[in-house]
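**Student:** predicted model and sequence follow; I will ask about them next.
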Protein chains: 2
Amino acid sequence: MITLKDIGDELGLSPATVSRALNGFPEVSLKTRERVQEVAERMGYRANRSAQRLVTGRSGMVGMIVKTSPDLRADQTFMEVLVGMSAALAARDTDLVLAVDQGHDPIEAYRRMLSRDMLDGFILNAPVMDDPRVNFLKAEGIPFVVHGRDRLDADYPFYTIDNYAVAAESVQLLAALGHKRIAYLNGAEPYSHVARRRAGYLGAMAAAGLPVIDGAHTNDAPSEAAGYRQALSLLAGQRGTPPTAIICSSTLLAEGVMRAVRDRGLLVPGDLSVMAHDDDLPLSRAISFSPALTVTRAPLRDACVPLANALVDLIGGGNPLSLQSLNRAELIVRDSTGPAPANGTDPWP
Amino acid sequence: MITLKDIGDELGLSPATVSRALNGFPEVSLKTRERVQEVAERMGYRANRSAQRLVTGRSGMVGMIVKTSPDLRADQTFMEVLVGMSAALAARDTDLVLAVDQGHDPIEAYRRMLSRDMLDGFILNAPVMDDPRVNFLKAEGIPFVVHGRDRLDADYPFYTIDNYAVAAESVQLLAALGHKRIAYLNGAEPYSHVARRRAGYLGAMAAAGLPVIDGAHTNDAPSEAAGYRQALSLLAGQRGTPPTAIICSSTLLAEGVMRAVRDRGLLVPGDLSVMAHDDDLPLSRAISFSPALTVTRAPLRDACVPLANALVDLIGGGNPLSLQSLNRAELIVRDSTGPAPANGTDPWP
DNA sequence: AAATATTTTCAAAACGATTTAATTTGACAT
DNA sequence: ATGTCAAATTAAATCGTTTTGAAAATATTT
């Protein structure tokens, strides 16, 4: 292992100067800096992280906690974010340590992880409204960033898409096509993005002068089976006149909807328009639906680099408010949406 | 932060003695040890990992690298192992650092991770035959354990199930029920467990005196779609007389097989026996198939604790050969297997 | 050329744990 | 009492980096 002293000996310099030269301190002369950098490069110097951490009091590690619920969603979306974050953090010389929350108390895992390791910060994902983890970490003064947003007036760094707009724009597109009975298959209740989409759906329906009946908005863990079940029930008229358009909160739900449509011998978009929000996960590709799925698209992995940078900057003393990022999903019109059928021009009673 | 010195001051002892007392060295008196432990507990002492690491030269971290292939399998099985390993390693005071391999060269990610961090070891998963990562880490003298086994005469610590037996026992069960035409839907080619299962299938078929035709053994990434496609082709007789039994390398494939069976209006197990190997992942539950699926079962997560312990022990100087674990999957006969139908008593020509 | 700023460099302390070598304490035999 | 041996404890060095306060080298002003 090459140390600062080794480099210093080679050049007749003290470790202190070498350290400053490599860390870009201003008080070292350009000539010396270049010599030091050249030798460090040549000798293959790598700073000993443990020594750095000991003296700076930072661990260079941030934590992320998996909630091992039976909820399928975690597996797919969490993995995507986890992998992306890991790569993005590595680029900022930060390690991602993974822990598992197998309990009921969401705070417990954070407590344990903080006392066991010395972590510089956390990445939170899938926040619920007024998330207790946010409250805890704020109270403790631990840096954290959130993938999503647990309250509208968040004062912490986050990366999220405008979920109100995600739902509202979908409704607007369909309304412009003449649809009056539009159903919304949403995600599971507790998550904050689900509530935002619900608000967006209801808001846009109201703005378009369209009533909404009970059962036109549903909450389920995103699975093919749930999409199938809900669509079948809707299309069978079990909740009033069937809708002429169904918006899905995820492409997984849309897969189920498509199967229900086939089972009932209907045509998309002739009899029913279908659209979805697309996280662009590798498993379920909107473009390979037949017909290709109209979506609001916002790849989950887009969040990783901004979030990683925000967290490292925050730990370095950055201003939380300047590290917030609210993004719009892209509306991609494909072949699963079309004009409302003749029988679809009446709104729900 | 509470340090050794704080505890020493409280008791009128030197940090050295406190360190020894807490680390269970024999030369400290019982009375002192108890006093120290009591005070450490009371003050909530936690050793500073950075300081420990600096002086011991160990980082207390091990690495695991995700290969981000378009292969779906990674997402599901990797996540399961990752989460389990993380918990099991935490119990041994070791952190799991995640990295991503987005390149073509499997070694590159390990090189980068080694030079960037100081890692004490690695966990390898999903080995291919004569895996280059194994060769690399062996040559470098870096401790590692493998989930799986890339060669039969492995001299490193591993945890694997007997994949030859997994396939062979399935064949034996079906052969005992009178089946003569048994197909095997295997996983994707490069993985070593796939090769072992292939050998087990062919070996057991030969031992039972049953011929195997081209197309009765297939290789696919485990997905519902692949199972459907292969089963449909087999049952349509496109590869000779249809089999009376199909063994699947995963429950995902079995889901596809079941769909193909339904589409063709066949009955399980009346017309066709179906069985699978069950990793016991949360997504696809063999028991909720209808009929409930006969399987060889070996929960993936069972590997985590043994692997974590093996790696920590290996790093601590343990003998690799004594840290190997070869396990048998459990054969669980449910309702998807039955006697061969009348037309199934003839083997393939 | 002397006095004063300004750069640039260095020696030493710090971080908190482990470990080596040395010292104290206590028990026991002489 | 004295000496011997073992047991228990400690002082000090160590790991490799950062950082403080001081010193040396160089540049600028008088």
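**Tutor:** Sure, I can see it.
**Student:** pLDDT weak spots in the stretch 51-200 of chain A?
**Tutor:** For the stretch 51-200 of chain A, the stretches with pLDDT under 70 are A:69-75.
**Student:** next to DNA strand C, which bits of it? Give me the list.
**Tutor:** A:51, A:54, A:55 (Cβ under 7 Å from any atom of the strand). Heads up, the C-betas are built off the backbone N, CA and C, glycines and all.
**Student:** ok, now with 10 Å
**Tutor:** A:51, A:52, A:53, A:54, A:55, A:56, A:57, A:118 (Cβ under 10 Å from any atom of the strand).
**Student:** need the next SSE after the helix or strand where residue A:275 lies, C-terminal direction.
**Tutor:** Assigning secondary structure by DSSP states H and E places residue A:275 in strand A:273-278. Heading C-terminal from strand A:273-278, the first helix or strand you meet, by DSSP H and E, is strand A:294-297.
**Student:** with only the CA atoms kept, save that next one in CSV.
**Tutor:** Taking Å, rounded to 0.1, in the frame of the first residue of the first chain, the C-alpha atoms of strand A:294-297 are listed here in CSV:
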residue,chain,number,x,y,z
THR,A,294,-49.9,5.2,-24.8
VAL,A,295,-48.2,6.3,-21.6
THR,A,296,-46.8,9.0,-19.4
ARG,A,297,-43.2,7.9,-19.2
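**Student:** which residues of the stretch 1-150 of chain A lie near chain B?
**Tutor:** Contact residues, the stretch 1-150 of chain A versus chain B (Cβ under 8 Å from any Cβ of the partner chain): A:46, A:48-51, A:53-54, A:59, A:61, A:66, A:68, A:70, A:72, A:75-76, A:78-79, A:82-84, A:86-87, A:90, A:93, A:95-100, A:102, A:115-118.
**Student:** please name the residues that touch the nearest residue to residue A:101 once chain neighbours are set aside.
**Tutor:** Distance criterion Cβ to Cβ, 6 or more residues apart in numbering or on different chains; nearest residue to residue A:101, sequence neighbours excluded, is residue A:109 at 3.7 Å. Residues near residue A:109 by Cβ atoms under 8 Å, 6 or more residues apart in numbering or on different chains: A:65, A:99, A:100, A:101, A:103.
**Student:** what are the phi and psi angles of the third one?
**Tutor:** Read it as residue A:100. Residue A:100 adopts backbone torsions of phi -120, psi 140, taken as degrees, to the nearest 10.
**Student:** of the residues of the stretch 51-200 of chain A next to DNA strand C, which belong to helices?
**Tutor:** Taking DSSP state H, the ones among these that sit in helices are A:51, A:52, A:53, A:54, A:55, A:56.
**Student:** neighbours around the third one, how many?
**Tutor:** Neighbourhood size, residue A:53 [other Cβ atoms under 10 Å in any protein chain shown]: 21.
**Student:** before we move on, what about the fifth one?
**Tutor:** The number of residues packed around residue A:55, counting by other Cβ under 10 Å, is 11.
**Student:** do the second one as well
**Tutor:** Each residue near residue A:52 was counted by other Cβ under 10 Å, and the total is 16.
**Student:** pretty sure it sits against residue A:46.
**Tutor:** No - contact criterion Cβ atoms under 8 Å: residue A:52 and residue A:46 do not qualify, at 10.7 Å.
**Student:** now the element after the longest helix anywhere in chain A, going C-ward?
**Tutor:** Identified as the longest helix of chain A according to DSSP H is helix A:192-207. Downstream of helix A:192-207, the first helix or strand assigned by DSSP H and E is strand A:217-219.
**Student:** does the helix or strand following that next one come close to chain B?
**Tutor:** Reading on from strand A:217-219 to the C-terminus, the next helix or strand found by DSSP H and E is helix A:224-235. No - interface with chain B: helix A:224-235 contributes nothing (Cβ under 8 Å from any Cβ), its closest point being 9.5 Å away.
**Student:** tell me what helix A:224-235 is packed against?
**Tutor:** strand A:182-186, strand A:245-248, helix A:251-263 (3 or more Cβ pairs under 8 Å, 6 or more residues apart in numbering or on different chains; DSSP states H and E).
**Student:** give me the buried positions along that helix.
**Tutor:** Within helix A:224-235, the residues that count as buried by 16 or more other Cβ atoms under 10 Å in any protein chain shown are A:224, A:226, A:227, A:228, A:229, A:230, A:231, A:232, A:234, A:235.
**Student:** contacts with DNA strand C among the residues you listed, please.
**Tutor:** Residues of the buried residues of helix A:224-235 in contact with DNA strand C (Cβ under 10 Å from any atom of the strand): none.
**Student:** make a markdown table from the residues you listed and add distance to DNA strand D to it.
**Tutor:** Converted to a markdown table, the buried residues of helix A:224-235 look like this (distance: Cβ to the nearest atom of the strand, whole Å):
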| residue | distance to DNA strand D |
| --- | --- |
| A:224 | 51 |
| A:226 | 52 |
| A:227 | 53 |
| A:228 | 57 |
| A:229 | 57 |
| A:230 | 56 |
| A:231 | 58 |
| A:232 | 62 |
| A:234 | 61 |
| A:235 | 64 |
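**Student:** of those residues, closest to residue B:337?
**Tutor:** Ranked by distance to residue B:337 (Cβ to Cβ), those are led by residue A:224 at 26.6 Å.
**Student:** please state the offset of the strand holding residue A:275 from the chain centre?
**Tutor:** 18 Å (Cα atoms, centre = their mean, to the nearest Å).
**Student:** give me the mean pLDDT for it.
**Tutor:** For strand A:273-278, mean pLDDT rounds to 98.
**Student:** and that strand with helix A:192-207, angle?
**Tutor:** Orientation check (axes from the mean of the first three to the mean of the last three Cα atoms, to 10 degrees): strand A:273-278 against helix A:192-207 gives 150 degrees.
**Student:** hmm, back to that, can you tell me which of the buried residues of helix A:224-235 is nearest DNA strand C?
**Tutor:** residue A:226 (50.4 Å; Cβ to the nearest atom of the strand).
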